[in-house]
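Novice: The following comprises the amino acid sequence and a computationally predicted model.
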Amino acid sequence: MIRRTLPVALAVLALAGCSQVAALAPVGGDDVAEVRFATIDVLLDNGIEILEAPTCELAGTVITCAGTTTDGDAITATSSTDADATLEVGVGSTTVFSGSLLDVLDAAVTG
């Protein structure tokens, strides 16, 4: 047990100074996690600095996320649980992305 937890503890200590440690999540996940990861990817790809990483929730088939930028602007994201879901990410009153959720996730995997 100690052999398994020691590397994790060391990794957390190494990242303790990183402002995005709170945004780390387990590999894999459900629809809500995928929308959250994609939202964060879109924000980072657009050079938007995150103060509070978006948290997401599911209501029926709609997933909504909310967070805050370092400038104090609200981060919003909306998607669905559909296989061909569209992701819309906004910062303040500006839409920074509107497109395929799957395309964002695929781009993160392929680099």
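Specialist: Arrived safely, thanks for sending. Note that the structure is predicted; figures quoted are calculated from it, not measured.
Novice: can you pull out the strands in this structure?
Specialist: 50-59, 62-69, 74-80, 86-91, 94-100 (DSSP state E).
Novice: JSON lines please, covering these and showing distance to D41.
Specialist: No exception for glycine: its C-beta is placed from N, CA and C like everyone else's. Below are the strands of the chain laid out as JSON lines (distance: least, Cβ to Cβ, whole Å):
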{"stretch": "strand 50-59", "distance to D41": "11"}
{"stretch": "strand 62-69", "distance to D41": "12"}
{"stretch": "strand 74-80", "distance to D41": "11"}
{"stretch": "strand 86-91", "distance to D41": "9"}
{"stretch": "strand 94-100", "distance to D41": "9"}
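Novice: In a markdown table, list these along with mean neighbour count and distance to D31.
Specialist: Conversion of those to a markdown table gives the following (neighbours: other Cβ atoms under 10 Å; distance: least, Cβ to Cβ, whole Å):
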| stretch | mean neighbour count | distance to D31 |
| --- | --- | --- |
| strand 50-59 | 15 | 7 |
| strand 62-69 | 18 | 6 |
| strand 74-80 | 20 | 8 |
| strand 86-91 | 20 | 11 |
| strand 94-100 | 13 | 14 |
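Novice: Pipe these into a markdown table and attach mean pLDDT and distance to F37 per row.
Specialist: Compiled in a markdown table, the strands of the chain are given as follows (pLDDT from 0 to 100; distance: least, Cβ to Cβ, whole Å):
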| stretch | mean pLDDT | distance to F37 |
| --- | --- | --- |
| strand 50-59 | 97 | 10 |
| strand 62-69 | 98 | 10 |
| strand 74-80 | 98 | 11 |
| strand 86-91 | 98 | 11 |
| strand 94-100 | 98 | 14 |
